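> show me the folded form of this:
(chains A and B)
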Amino acid sequence: MVAKQQVKTPKKSAIKTSFSDKVISVVTYIIYAIFAFVCVYPFYYIIINSISANNLSERGKVLLYPMEIHFKNYANVMNIPGLLDAAQMSVMRTVVGTILTVMIAAFLGYMFTRDTLWKRKFWYRFVTVTMYINAGIIPWFLTMKLLGMTNNFWGYIFPMIIQPFYIVLCKTYVESVPRELQEAAEIDGAGTLMVFFRIMLPVIKPILATIAVFAAVNQWNSFQDTLLLMSDQKLYTLQFVLYQYINQASSLKALVSNNTSSTAMMASLAHAATATSIRMTVTVIVVLPIMCVYPFFQRFFTKGIMIGAVKG
Amino acid sequence: MQRKLSERKLRSYKEFLYILPFLIIVALFSYFPLYGWIYAFHDYRPPFPITSETWVGLKWFATIVNNPVRLENILRVLRNTFAMSGISLLFSWFPMVFAVFLNEIQCKPFKKFVQTVTTLPNFISWVLVYALAFSLFSTTGAVNSLLTELGLIDKPIAFLKSSEHIWFKMWLWLTWKNAGWAAIMYLAAISGIDDQMIEAAKVDGATRMQIIWHITIPSLLPTYFVIVMLNLANFLSNGMEQYFVFQNAFNQDYIEVLDLYVYNMSISGTGMYPLSTAISILKSIVSVVLLFVTNTVSKLVRGEGFI
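Below you'll find the model as predicted:
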C-alpha cells in the first residue's frame, strides 16, 4: 500500500505543473544557457583566434569560427627566447611541488592521529594555526631573502609545501580508517614508518588524489611568488611570462620577426606575427593544460569542496 | 611494566623526531616572517642593518595619520577596499540562487554541462583571466569590433583603461571566476534536503516557487550564514592578484585596495619598507579581531564556530 502511494506521487505532481511553472522552466534554461556561454566563449575565442589569419584576429574580426586556418602562430611563439624555459620551469615546480605537498600532507595527517606522538595536540595546533597567520608582504619578502629563497628554485617549493588545510583533510580521512588495520600491523612488528608506507598510503589514496589535483593547479597558477621573489629570468614561469607579454606585446612582435626574419619576409600578412596573435597563442598554451586536465579531474575538485564544506 | 612505559616514551620521542623537520619548515616559513614586524619600528634603510640607533618606536604608525597626503591615500585605499568587499558581501547570495535554480533543471546532461563549464574559470589564474579580458575587451577586441559592426558605437570603448564602474566590473570578474565553484557547496546542501518534505508540499499543491521559497532556501541559510561570516572576517583582505593584473594608469585611483597598496608602496622604493610593514601590522590586527568577532557571532547563532 505504502509502496503504491510512493509510485503514484510523482504522477500526481506532474499533473499539477502549472503554466507559471512552465514559464519559469523556460526562463531558467535560457538564463543558464547564457551563463554557460559567458563562461565558455572567452576560451573558445582565444583558441579560434590563435589559429585564424592574423590580420583578421588583430582587428577582432574572428568571432564565431576560425577563418583561414593556419598553425604558424604556434611555430612563431616557439622562437620567442625564454618561453620554452618558462614552460619547463612551470612543469618542474608543478611536479616537484605537488609530490612534496601530497607526501607531507599524508605523513603529517597520519602522524597527528597517533596517540603516541609527543605533545601531539600542541604540534597539531602549531601547524594549523598558520592558516590564519599573515605577516604581510615586506616582512615575508625580507625573511625569504634571509633564508636564501630569492632567485632560487626552492623559493617556489618550500613556502608552499606545508598546507595546513590538506593536513587537516588527511587527518580526518585517516581517522575514518578502522584502527584495527594499524593495530594488526603493529602486533606483527611493523614500526611507525612501515605502517605509514605499507598500510596507510594505499588506503588513503582517494583523498591524496584530490589533494594532488588542488596542489598541482595551485602550483601551475601561482604568479605572486615569481613577482616577489624572482628577478632572474631563468626562473620565470609561464604565468609570469604571459603577464609580461600582455603588457609589452609590441616589443615582443619585433623580437619574433627579428628572430624569424627570413621566414617573416616570405610570410603573408595573414601569417606574420602580430602582438595580438602572440598574446593569444601564449594564452592558449598556458590555459590548455588546465582545460585538458579539468574534465577528467572534475569529480576530485567536487569532492574536495564537499570535504572542505563539511570541515568548515 | 616500568620497561614498557619507558619504551612507549622512547617511541613517542622517536615519532616526534620524524615530524621535527616539517615543524622546522613551518617555523621558518610561517612563524619567522612575523619577526619582520620589527622593521615597522625602525628607520630601516636597506642594505643597512637595523640597530638600536635606528629604533624609532611608533613613528611610522604616526605618519599614517599625521601626514595629510598619506592620510588621503590611506582613506582612498580604504574606500576602495570597503567598496569592493561591500559589493561582494551585498551580492553574496548570488551563488546560492544560482545553485537553487540550477537544481530546478530537469534535463540532467544540460545541468551537468552548465555545472562543468561554470566551474572551469575557478581553476585559471588571474593572469589568465586578464589575458582573456584583454582579448575580449581591449579597444581592438571582440566586443568593440562587434559593437562597431552593429553600428552601435562610432569609436571603441575603453573597457579596461578607464575607472568607470571599476568596482562593479571587478565584482563581475570575481563572480565570473568563482560563482560556479561556490555554487557546488549549495548544490551539495540541496541534495541533502529530505525528499519527503518536498513531496508533501507538492501533494498539498505548492508551486515550484513556493517550494523554493519555503523549503529550499531556508535549508540553505545555515551554509549561507557561514559564507557571510567568512566574507566579513576577510573584509580587509581582498588579496592583491586580481587588482594587480587589472590595474593601469587610468583606473589606479579606484582599483587600489589595501593589499595592492601595500605592494605598490613597497616596490616604489626600499625606503617604504617600514611604512608598508606598519600598515600590514594594522591590517593583521583588524583581521584577527574580525575573525574572533565573527567566530563568536557564529557560536552564538549556530552553536559552533568556524575556526
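
> which SS class is A:Leu269?
coil (DSSP: H, G, I helix; E, B strand; the rest coil).

> that one contacts A:Asn55, correct?
Yes: contact criterion Cβ atoms under 8 Å: A:Leu269 and A:Asn55 qualify, at 4.8 Å. C-beta here means a position set from N, CA and C on the backbone, and glycine is covered the same way.

> compare these two and say which is more crowded by neighbours.
The residue with more neighbours, out of A:Leu269 and A:Asn55 and counting by other Cβ atoms under 10 Å in any protein chain shown, is A:Asn55; that gives 17 against 11.

> so where does the more buried one fall, helix or strand?
A:Asn55 belongs to helix A:54-57 when assigned by DSSP states H and E.

> now that helix, how far from the chain's geometric center?
Centroid separation between helix A:54-57 and its chain, computed with Cα atoms, centre = their mean, to the nearest Å, is 31 Å.

> tell me what that helix is packed against?
The contact analysis (3 or more Cβ pairs under 8 Å, 6 or more residues apart in numbering or on different chains; DSSP states H and E) places helix A:54-57 against helix A:275-311.

> give the contact list for the closest residue to A:Phe141 other than its chain neighbours.
Setting aside the residues directly before and after it, A:Phe141 is nearest to A:Leu228 in space (Cβ to Cβ, 6 or more residues apart in numbering or on different chains), at 5.5 Å. Applying Cβ atoms under 8 Å, 6 or more residues apart in numbering or on different chains, we find A:Leu228 in contact with A:Ile137, A:Trp140, A:Phe141, A:Met144.

> residues in contact with the third one?
Contacts of A:Phe141 were listed using Cβ under 8 Å, 6+ apart, and they are A:Leu228, A:Leu229, B:Ser266.

> show me how far whichever strand or helix holds it is from its chain's centre.
Using DSSP H and E, A:Phe141 sits in helix A:137-146. Averaged C-alpha coordinates place helix A:137-146 at 26 Å from its chain's average position (Cα atoms, centre = their mean).

> point out where the chain drops to low pLDDT.
Picking chain A for this. Chain A contains residues with pLDDT under 70 at A:1-17, A:249-268, A:301-312.

> please go with chain B instead
B:1-4, B:307.

> how close does the residue at minimal distance from the centre of it sit to B:Tyr44?
Geometric centre of chain B, nearest residue: B:Asn238, 4.5 Å, by Cα atoms, centre = their mean. Taking Cβ to Cβ, to the nearest Å as the measure, B:Asn238 and B:Tyr44 are separated by 27 Å.

> then B:Thr223?
According to Cβ to Cβ, B:Thr223 stands 45 Å off from B:Tyr44.

> out of these two, which sits in the busier spot?
More neighbours surround B:Tyr44 than the other of B:Thr223 and B:Tyr44, with 22 against 18 (other Cβ under 10 Å).

> excluding its backbone neighbours, what's nearest the more buried one?
Take B:Tyr44 and drop its neighbours on the chain: the residue closest to it by Cβ to Cβ, 6+ apart is B:Pro274, 5.0 Å away.

> so the one you found is in which element?
Counting by DSSP H and E, B:Pro274 is found in helix B:273-302.

> for chain B, what's its nearest residue on the stretch 201-312 of chain A.
Among the residues of the stretch 201-312 of chain A, A:Asn221 lies closest to chain B, at 3.7 Å counting by Cβ to the nearest Cβ.

> and whichever residue of the stretch 51-200 of chain B sits closest to chain A, what does it touch?
Residue nearest to chain A within the stretch 51-200 of chain B (Cβ to the nearest Cβ): B:Ser145, separated by 3.2 Å. By Cβ under 8 Å, 6+ apart, the residues touching B:Ser145 are A:Arg59, A:Gly60, A:Lys61, A:Leu63.

> for B:Val97, give me phi and psi.
Main-chain torsions, B:Val97, degrees, to the nearest 10: phi -60, psi -40.

> and it, how many neighbours does it have?
Neighbours around B:Val97, by other Cβ under 10 Å: 16.

> do the same with B:Ile64
If we define neighbours as other Cβ under 10 Å, then B:Ile64 has 15 of them.

> closest to the centroid, which residue in chain A?
Note: chain A centre (Cα atoms, centre = their mean) maps to A:Val217, 1.7 Å.

> please tell me how far the residue nearest to that one when sequence neighbours are not counted sits from A:Val284.
Spatially, and ignoring its direct neighbours in sequence, A:Val217 is nearest to B:Phe123 (5.4 Å; Cβ to Cβ, 6+ apart). Distance, B:Phe123 to A:Val284, using Cβ to Cβ: 16 Å.

> which of those two has more residues huddled nearby?
More neighbours surround B:Phe123 than the other of B:Phe123 and A:Val284, with 23 against 20 (other Cβ under 10 Å).

> in this structure that one contacts A:Val287, no?
No: between B:Phe123 and A:Val287 there is no contact under Cβ under 8 Å: 9.6 Å.

> hmm, back to that, show me which positions of the helix holding B:Pro274 end up buried.
Residues of helix B:273-302 classed as buried: B:273-284, B:287, B:290-291, B:294-295, B:298 (neighbour count, 16 or more other Cβ atoms under 10 Å in any protein chain shown).

> lovely, talk soon.
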